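A.B. asks: My questions are about this predicted structure, shown below with the sequence.
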Amino acid sequence: MNVKSLGYLRIASTDIARWREYGTAILGMMLAPTMPDDGNVYLKMDERPFRFAIIPGAADRLLCAGWELAGPEEFDDALDELTAAGVAWELLDAAEARARRVRAVVRFSDPAGATVELYHGADLDYAKFISPCGIPAFETGFNGNMGFGHLVVPVKNLQETRRFYREVLGFGDTDYMHFHFNPDPADPGQGLYFMHVDNPRHHSLALYEEPGENPTGCVHTMLEVKSVDEVGYCLDRVQAAGIPVISTMGRHTNDRMLSFYMLTPGGFAMEFGCEGLKMDWNGYTPTVSALPSIWGHKFQMAGGGH
């Protein structure tokens, strides 16, 4: 299977008005002009009709991530591969596909219990992106082919989930880190795998070993802009609005992202950054990083992660 990019998130919210304000006035995304007025909040950042769909719900939680395949042949092959791997899947109907502005979409669960969607044939609406905060553009590649950013999810069964994404979905390893938050030498610590798909982003997914319960289903997600000034402007907006800053500004080791982390209305973190590496995967050897950041990234509350 050859996944191309991280296409969208569907997020349940107990207060979508907060997400509307946060997504536009803080993140600088725009309300999607070509999406229906159906009670959801759709946030747009590039040529795609939307990247985040915020849906009223009884709890604040990541509902699913949508991953893009190249076309109908690849989609049919993916269904065969899921079946061969013993994965139970559901082909969503035409109305559900239209709601996501794609041609076809299949839904299933990964070994950690997270809902995954694979799709092909995403619309390009070409509606001009006009950021309410004056952001010229987000870093998403040509026609959004690098995806909107990356996603970090909590998993209890780290190795099993990694094998699933590698062996069934075809993701590649990029980097591994191991953290010890307890001075007890018997503490096994927590692992973190960074994984890439078929685009130059250093990682589109990371799997974070989290033994406890995470009710949001998400550690953090990331948006990338094209200049450090836009990161700084966003940090100013966050501080002026009184939004908790989970991590100070810093530069990561493995992807060189210059970023900070903030709390979202969904209870998980948002990394907002620039200057992430663009990788050539030909002949790449996965790395093991002993340090998450070259400088900065002082975490001030739980829940951020890399």
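C.D. replies: Looks like it arrived, so ask away. Numbering: from 1, shown residues only.

A.B. asks: and the residue nearest the centre of the chain, which of the three is it?
C.D. replies: Closest to where the C-alpha atoms of the chain average out (Cα atoms, centre = their mean) is residue 151, at 2.7 Å. Here residue 151 is recorded as strand under DSSP: H, G, I helix; E, B strand; the rest coil.

A.B. asks: Tell me if I'm right that it and residue 217 touch.
C.D. replies: No - contact criterion Cβ atoms under 8 Å: residue 151 and residue 217 do not qualify, at 10.4 Å. The C-beta positions use only the backbone N, C-alpha and C, and glycine is treated the same way.

A.B. asks: Now do the one helix or strand residue 73 maps to: which elements does it pack against?
C.D. replies: Using DSSP states H and E, residue 73 sits in helix 72-84. Applying 3 or more Cβ pairs under 8 Å, 6 or more residues apart in numbering; DSSP states H and E, we find helix 72-84 packed against strand 104-109, strand 115-120.

A.B. asks: Now do the helices in the stretch 51-200 of the chain.
C.D. replies: Here the stretch 51-200 of the chain has its helices, by DSSP state H, counting those that start in this stretch, at 72-84, 94-99, 158-163.

A.B. asks: Contacts for the helix holding residue 73 next, please.
C.D. replies: The contact list for helix 72-84 (Cβ atoms under 8 Å, 6 or more residues apart in numbering) reads 1-2, 69, 89, 91, 103-104, 106, 108, 118-121, 168.

A.B. asks: Ranking by neighbours, what's the top pick from those?
C.D. replies: Using other Cβ atoms under 10 Å as the neighbour test, these are led by residue 69, with 27 neighbours.

A.B. asks: before we move on, the earlier item: what's near enough to touch the residue nearest to the centre of the chain?
C.D. replies: Residue 151 neighbours (Cβ under 8 Å, 6+ apart): 6, 9, 65, 204, 205, 206, 218, 220, 221, 222.

A.B. asks: Relative to residue 183, how far out is the nearest residue to it once chain neighbours are set aside?
C.D. replies: Of all residues not flanking residue 151 in the chain, residue 221 sits nearest, at 5.0 Å (Cβ to Cβ, 6 or more residues apart in numbering). Applying Cβ to Cβ, to the nearest Å, the value for residue 221 to residue 183 is 31 Å.
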